[in-house]
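Novice: what follows is a predicted protein model with its sequence.
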Amino acid sequence: MKKILVANRGEIALRIMRSCREMGIKTVAVYSEADRYSPHVKYADEAVCIGPAPSNQSYLRGEKIIEAALKTGADGIHPGYGFLSENAAFARMVSQSGIIFIGPSPEAMEIMGSKLGAKAAVKKYNIPLVPGTEHAISNLEEAMEVGRKIGFPILIKASAGGGGKGMRIVEKEEEFEENLKRAISEAESAFGDGSVFLEKYLRVSKHIEIQVLCDQHGNFLHLFERECSIQRRHQKVIEEAPSAILTPEQRMEMGAHAVNVARACNYVGAGTVEFIYSDGEYYFLEMNTRLQVEHPVTEMITGIDLVKEQIRIARGEKLCFKQEDLTIRGHAIEVRVYAEDPANQFLPDIGTLNTYKAPHGPGIRVDDGFAEGMQIPIYYDPMIAKMVVHASTRDEAIEKAIRAIDEYRITGVETTLSFCRFVLNHEEFRKGTFNTHFVNTYFKPEYLKPNFTNEELEIAALVSADLFSSSSKKPATVKTSNASTNQTGSVWRINRSF
Ligand code: MV4
């Protein structure tokens, strides 16, 4: 492969192109009219405009993207995540055009794109599955029977759904009829496939996923887990690797199951096997057949560049390391910086990035796709950046992430940075015992106002204790850490950039 077209935009397009450049591979950007001045367009060796701003007129137009690849002589297409990345028809069309699709086969995508198909495929490997049905349910009597057998609450899931789309919780028998009817009709209209199945609803759970890498020569490896339970409305906000709660035995066992899931669909490339962890047990949920947003935390703890591995695999090379060669080094945390207002129901807060200064220093990696002064387009996902830290322990990584958040300077739009700071400081997060309900359970928007750093809160507490204490004659002298001292040396200038 000498030239790769990156069929994506923003931070992931840049991230992929950077690995290409290190490998001596030329890059082609595609862009919509809204992204004409984007960093990914400037970074690429060549760029092709593929249409107007809306995704369905640009980044989702497979035929235009293939045309751009043929025109520029690209011999590979990397789809990134989102857009066409899990579209089997697109992958097929790419291959039929004589271009290498950097990802799994269309067949593997199709198997895993169907949750029921995935369950059927892994059957012979004894993968732990949540108690439920193996086939689509449309009949109320049958549903009731399953409900009585496995017990309520029951979760109705759309086979063609995934990532939380097309799910309904049924608390008791009386609610089954209505919910089943709605779930089927919603699945039909959202996915063009009304197949739904039932699972026991595990009310309190963690989401843990395993990164896998598979070459075209039958080598299947896992790169440990990512803990992704801190999410709201199925949008992950903070991810980390490794998980704070898995034992080494569980980790290896789960990794072996993940590898078998990949085997079950002859997987090739980088993929992610999602598990639900509840009360010490875990179960396979689904497999994502793409590079994931949160892949950097795995790169940080393993030292492996997943995009380079994807490219090497697509070129037909053998994986040059074995399972035994892989170890976990330290701890990584990713904080997603969205242009959303956490004080106002996380509504998108798109606008101009008047100030944009990313944090720096040891152990900090920022994958971003915007520059200061740029407008954040309304047409796409409002993620501005991923801020990833790496340190030797989880506690150090948490402190580093907070330090980095406090150094981030963004004005012009509200961001999720202050919310992430709240999470990182929370006792439940620090203990590692949190679950997917963390945000709903613990977060209230008023916690973000005003926006003081830990040190500032400490200072305020010490000063007020001193001022209000009758025995005190002298003004307070407070020792502060460097983190709260800005360049002018004043400890009183408060970071209100987010
Ligand atoms: C579940 C579950 C509980 N029990 N399955 C969410 C993402 C998708 N991959 C599957 N998801 C879930 N599957 C069983 N059997 C909980 C989730 C889940 C969830 C469910 C309802 C409302 C919010 C949720 C948030 C995270 C995960």
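Specialist: Now that the structure is in, tell me what you want to look at. Numbering: from 1, shown residues only.
Novice: convert the C-alpha atoms of stretch 201-209 to PDB, please.
Specialist: Extracted C-alpha coordinates of stretch 201-209, given in PDB (Å, rounded to 0.1, in the frame of the first residue of the first chain):
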ATOM      1  CA  TYR A 201     -31.900  -7.000  32.200                       C
ATOM      2  CA  LEU A 202     -28.800  -6.700  34.400                       C
ATOM      3  CA  ARG A 203     -29.700  -3.600  36.200                       C
ATOM      4  CA  VAL A 204     -26.300  -2.800  37.700                       C
ATOM      5  CA  SER A 205     -23.500  -3.400  35.300                       C
ATOM      6  CA  LYS A 206     -20.200  -2.200  34.000                       C
ATOM      7  CA  HIS A 207     -19.200  -2.100  30.400                       C
ATOM      8  CA  ILE A 208     -15.900  -3.700  29.700                       C
ATOM      9  CA  GLU A 209     -14.600  -4.300  26.200                       C
END
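Novice: average pLDDT for that stretch?
Specialist: The pLDDT scores in stretch 201-209 average 97.
Novice: hmm, it in reach of the ligand?
Specialist: Yes - counting by Cβ under 6 Å from any ligand atom, the ligand has neighbours in stretch 201-209: 201-202, 205, 207. C-beta here means a position set from N, CA and C on the backbone, and glycine is covered the same way.
Novice: for that stretch, which positions count as buried?
Specialist: 201-202, 205-209 (16 or more other Cβ atoms under 10 Å).
Novice: now find how far off-centre that stretch is within its chain.
Specialist: With Cα atoms, centre = their mean, to the nearest Å as the basis, stretch 201-209 stands 16 Å off its chain's centre.
Novice: what parts of the protein come near the ligand?
Specialist: Residues of the chain lying close to the ligand (Cβ under 6 Å from any ligand atom) are 130, 155, 163-164, 167, 199-202, 205, 207, 234, 274, 276, 285-286, 436.
Novice: which of those residues are buried?
Specialist: Neighbour-count burial (16+ other Cβ under 10 Å) applied to these gives 130, 155, 167, 199-202, 205, 207, 274, 276, 285-286, 436.
Novice: so which of those residues comes closest to M112?
Specialist: Closest approach between these and M112, by Cβ to Cβ: E286, at 6.9 Å.
Novice: show only the entries of the residues of stretch 201-209 next to the ligand found in strands.
Specialist: Mapping the residues of stretch 201-209 next to the ligand onto strands (DSSP state E) picks out H207.
Novice: what bridges to the spatially closest residue to Y267 that is not a sequence neighbour?
Specialist: Of all residues beyond its chain neighbours, the one nearest Y267 is C214 (4.7 Å), with distances taken as Cβ to Cβ, 6 or more residues apart in numbering. Following DSSP bridges, C214 is listed with bridge partners F220, G269.
Novice: which residue does the stretch 301-450 of the chain bring closest to the ligand?
Specialist: T436 (3.8 Å; Cβ to the nearest ligand atom).
Novice: shouldn't that residue be within a helix?
Specialist: No - read with DSSP: H, G, I helix; E, B strand; the rest coil, T436 is coil and lies in no helix.
Novice: Three-state assignment for the closest residue to it other than its chain neighbours, please.
Specialist: Excluding the flanking residues, the one nearest T436 by Cβ to Cβ, 6+ apart is S229, at 4.9 Å. The assignment at S229 comes out as strand when based on three-state DSSP.
Novice: I'd like the numbering to begin with 572 instead of 1 from here.
Specialist: With the count now opening at 572, the last piece we talked about shows up as S800.
Novice: S800: neighbour count?
Specialist: For S800, the count of nearby residues is 23 (other Cβ atoms under 10 Å).
Novice: likewise the one 4 residues further on?
Specialist: For R804, the neighbour count with other Cβ under 10 Å is 8.
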